[in-house]
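Peer 1: Turn this into a structure:
(2 chains)
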Protein chains: 2
Amino acid sequence: MPHYKLALLGFGNVGRALAQLLLRKRTELNERYDITFSVTGIATGRHGIAINPNGIDLEGALDLFRTGRTLDLLSKRKVTNSLDFIQECGADVLFENSPVNYETGQPAIDHVRAALEQGMHVATANKGTVVHAYHELKALAAEKGKRFFFESTVMDGAPIFSLFRGALPGAQLKAFRAVLNSTTNLILTRMENGDTFDGAVRYAQQIGIAETDPSGDIDGWDAAIKVAALATVLMDTPLKPQQVERTGIREITPAHIAAAKAEGKRYKLICTAEKDGDTVRGRVAPELVSLASPFASVEGTTSIIEFQTDVLGNLTLIETDPGPHTTAYGLLADFLNAVR
Amino acid sequence: MPHYKLALLGFGNVGRALAQLLLRKRTELNERYDITFSVTGIATGRHGIAINPNGIDLEGALDLFRTGRTLDLLSKRKVTNSLDFIQECGADVLFENSPVNYETGQPAIDHVRAALEQGMHVATANKGTVVHAYHELKALAAEKGKRFFFESTVMDGAPIFSLFRGALPGAQLKAFRAVLNSTTNLILTRMENGDTFDGAVRYAQQIGIAETDPSGDIDGWDAAIKVAALATVLMDTPLKPQQVERTGIREITPAHIAAAKAEGKRYKLICTAEKDGDTVRGRVAPELVSLASPFASVEGTTSIIEFQTDVLGNLTLIETDPGPHTTAYGLLADFLNAVR
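Peer 2: Next comes the predicted model:
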């Protein structure tokens, strides 16, 4: 029975949800897949770093975090930075969940590179690594006979990348069309219900969906990054977020919304990409969708993507009610797919 | 570079679409997967049987069929029945596409069994094999170190079975909800547009979607068989079509349709299954769906399925515009997934 040593770099909402999921699935992984595991390292941003080659008590780690104490209390070794942590944690699999930097992908790219060099599989929810270093990291993983997986970077744990990697062999992705940003989705829905743009933004901030500076969502950057990640991987064509044509939702007024409603339509911030020979044209812009389309049914944090391939009619996936627990599932699935 | 010998048992719309797809993808399979293949056997219902260990000219076979001549003209060996064909074709992979028998699953089950016994992988679009012999055939395949795959039995080539086999490890399917029968979908849409039930049935027959005896669709049998196949495989719980609670669409009158429309709703023949411990409750019945639901957007031959698991929010798949070419793709995907 194979035993895997796991390390968690990042212990925020997603990292902690992963710890809880690992606890919940421990028996099932053993029974269904003959897999046992221990967690030999957990590195947090501000709550210390724990390394224990014999396995860290996950419940204990969650408890320390909850009560504001440092994870250093569980550590057999003193390390003070991420790269030393990767060097010392002795894991077979690294879950990389450090904060995202959209401009450079750092320090996550350095973390992934170091872990692959050490002979670990890597699973990450960090879009920066895919957008800025996919081809390099994939090649490095192949050279080391390991896997670099990132299912949770787009549509949380919904199986997008693994679908094309596994379930759709021999299919070529020609185009996709998607709603991938929940903040703009929520703002547009609030405006349909009579709120102003500014009021809707404030509401999204109050419930913790939009950031203090909401421009990353409103101006379409988050959506553009997701388009770039999908195109880079699924169409095997490097595309930077800056190369995605991008129009946000700032220009949409209550009058636009009312006119759309009168026509039986809704505005959605639509992501598209089309492959044309060796290039991909990516685009993010508000579009009117008919109420008869499944795109109109997408509310709140729900996301949708429609794939156009050379072998099927259109294939659409909808993911409802995502959250840290579904992102955590994507990371777990990456681990299982890497080692199966 | 591995070379695979393929045999096609059944050369109807799906078998011929598969032959065309194999021709179209030959170069790509070689370049992307290092796979080469030859077709060493084709068995038709009424146009003869061809066996050639050196490979049959697929274009030639399609041409003979098109011009009403027998495929015996391409054969190096004389065989006259399906089981002899399986014995003699010398293939590594059998594509089983004989006509479906919903009551017994025969003769397809005997074909699959014989092919697995001979050491072939088997891919089939025949629901009867799954509903009547899934556990036996799966066990036989495992014993022989071969694969018994059937992606095209539900929702054509859309990746349903492979999704749970590969892309969603560690997920438990708790329930699903789906629209899987296109004839009833079409009839209900025609009735919404003012046609009578009988008129809508005649229309569906005229365009070749409904059979001369349309009761298999209208009374929900086709949908019940799909529910049984999905529950048997994805919930690992044997369920016979007869065990699925079943209400067809005969009782739905134009008055019902008009009342639904006035409420902003539509009737759909909804398939559901829920797992409860070691049992599954399957059900097929017309239900009202709100226009705000993606289920309301499903028209004509498009199908939809929503999965409820223990690890994600609901995950929905929609397949638009299926046909023999998408069923053929599911068979090709089964072949590639079996040998990769």
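Peer 1: pLDDT on the helix or strand hosting residue A:175, on average?
Peer 2: Counting by DSSP states H and E, the element that carries residue A:175 is strand A:173-179. Strand A:173-179 carries an average pLDDT of 98.
Peer 1: which other helices and strands contact the next helix or strand after that strand?
Peer 2: Once the chain leaves strand A:173-179, the next helix or strand it forms, by DSSP H and E, is helix A:182-192. If contacts are counted by 3 or more CB pairs under 8 Å, 6 or more residues apart in numbering or on different chains; DSSP states H and E, helix A:182-192 sits against helix A:197-206, helix A:215-218, helix A:254-262, strand A:265-276. Placement of C-beta: from N, CA and C, glycine included.
Peer 1: just checking, what packs against whichever helix or strand comes after the longest one?
Peer 2: This points to strand A:265-276. Later in the chain than strand A:265-276, the nearest helix or strand by DSSP H and E is strand A:279-290. Strand A:279-290 makes packing contacts with helix A:221-234, strand A:245-246, strand A:265-276 when contacts are defined by 3+ CB pairs under 8 Å, 6+ apart.
Peer 1: roughly how far is the helix or strand following strand A:279-290 from the heart of the chain?
Peer 2: For strand A:279-290, the following helix or strand on the C-terminal side (DSSP H and E) is strand A:303-309. Taking CA atoms, centre = their mean, to the nearest Å, one finds the center of strand A:303-309 at 17 Å from the center of the full chain.
Peer 1: Would you mind writing the CA trace of strand A:303-309 as PDB?
Peer 2: Listed next in PDB are the C-alpha coordinates belonging to strand A:303-309 (Å, rounded to 0.1, in the frame of the first residue of the first chain):
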ATOM      1  CA  SER A 303     -19.800  29.700 -13.200                       C
ATOM      2  CA  ILE A 304     -20.300  28.200 -16.700                       C
ATOM      3  CA  ILE A 305     -18.100  27.200 -19.600                       C
ATOM      4  CA  GLU A 306     -19.100  26.000 -23.100                       C
ATOM      5  CA  PHE A 307     -16.500  24.100 -25.000                       C
ATOM      6  CA  GLN A 308     -16.500  23.800 -28.800                       C
ATOM      7  CA  THR A 309     -14.400  20.800 -30.000                       C
END
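Peer 1: and the angle for it with helix A:182-192?
Peer 2: Using axes from the mean of the first three to the mean of the last three CA atoms, to 10 degrees, the inter-axis angle of strand A:303-309 relative to helix A:182-192 is 110 degrees.
Peer 1: Next one: residue A:64, what pLDDT does it get?
Peer 2: 96.
Peer 1: which residues sit in contact with it?
Peer 2: Remark: with contacts taken as CB atoms under 8 Å, 6 or more residues apart in numbering or on different chains, residue A:64 is in contact with A:47, A:70-71, A:73-74.
Peer 1: ok, 7 Å please
Peer 2: A:71, A:73-74 (CB atoms under 7 Å, 6 or more residues apart in numbering or on different chains).
Peer 1: Now tabulate those residues in a markdown table and tack on secondary structure, pLDDT and distance to residue A:177.
Peer 2: Shown next, in a markdown table, are these (DSSP: H, G, I helix; E, B strand; the rest coil; pLDDT from 0 to 100; distance: CB to CB, whole Å):
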| residue | secondary structure | pLDDT | distance to residue A:177 |
| --- | --- | --- | --- |
| A:71 | helix | 94 | 43 |
| A:73 | helix | 92 | 50 |
| A:74 | helix | 93 | 47 |
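Peer 1: Just send the residues you listed back as a markdown table, with neighbour count too.
Peer 2: Putting the contacts of residue A:64 into a markdown table (neighbours: other CB atoms under 10 Å in any protein chain shown) gives the following:
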| residue | neighbour count |
| --- | --- |
| A:71 | 22 |
| A:73 | 11 |
| A:74 | 19 |
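Peer 1: From residue A:32, how far out is residue A:234?
Peer 2: 28 Å (CB to CB, to the nearest Å).
Peer 1: With neighbour numbers in mind, choose between those two.
Peer 2: More crowded of residue A:234 and residue A:32, by other CB atoms under 10 Å in any protein chain shown: residue A:234, with 23 against 13.
Peer 1: Verify the stated contact: that one with residue A:173.
Peer 2: Yes. Applying CB atoms under 7 Å, one finds residue A:234 in contact with residue A:173, separated by 5.0 Å.
Peer 1: list the residues that contact both of the two?
Peer 2: With CB under 7 Å, 6+ apart, residue A:234 and residue A:173 have common neighbours residue A:164.
Peer 1: Residue A:36 pairs with what?
Peer 2: Note on residue A:36: beta-bridge partners by DSSP bridges are residue A:3.
Peer 1: State the three-state secondary structure for the closest residue to residue A:104 other than its chain neighbours.
Peer 2: What sits nearest to residue A:104 in space, not counting adjacent residues and going by CB to CB, 6 or more residues apart in numbering or on different chains, is residue A:132, at 6.5 Å. When classified by DSSP: H, G, I helix; E, B strand; the rest coil, residue A:132 comes out as helix.
Peer 1: Now for residue A:132, how many residues are close by?
Peer 2: Quick note: residue A:132 (other CB under 10 Å) scores 23 neighbours.
Peer 1: now residue A:314
Peer 2: Residue A:314: 16 neighbours (other CB under 10 Å).
Peer 1: quick one, what contacts it?
Peer 2: Counted by CB under 7 Å, 6+ apart, residue A:314 has contacts A:306-308, B:320.
Peer 1: ok, of the residues you listed, which one's closest to residue A:146?
Peer 2: residue A:307 (27.8 Å; CB to CB).
Peer 1: and the residue of chain A positioned farthest from its centre, how far is that from residue B:291?
Peer 2: No residue in chain A sits farther from the centre than residue A:262, which is 35.9 Å out by CA atoms, centre = their mean. To residue B:291, residue A:262 is 16 Å away according to CB to CB.
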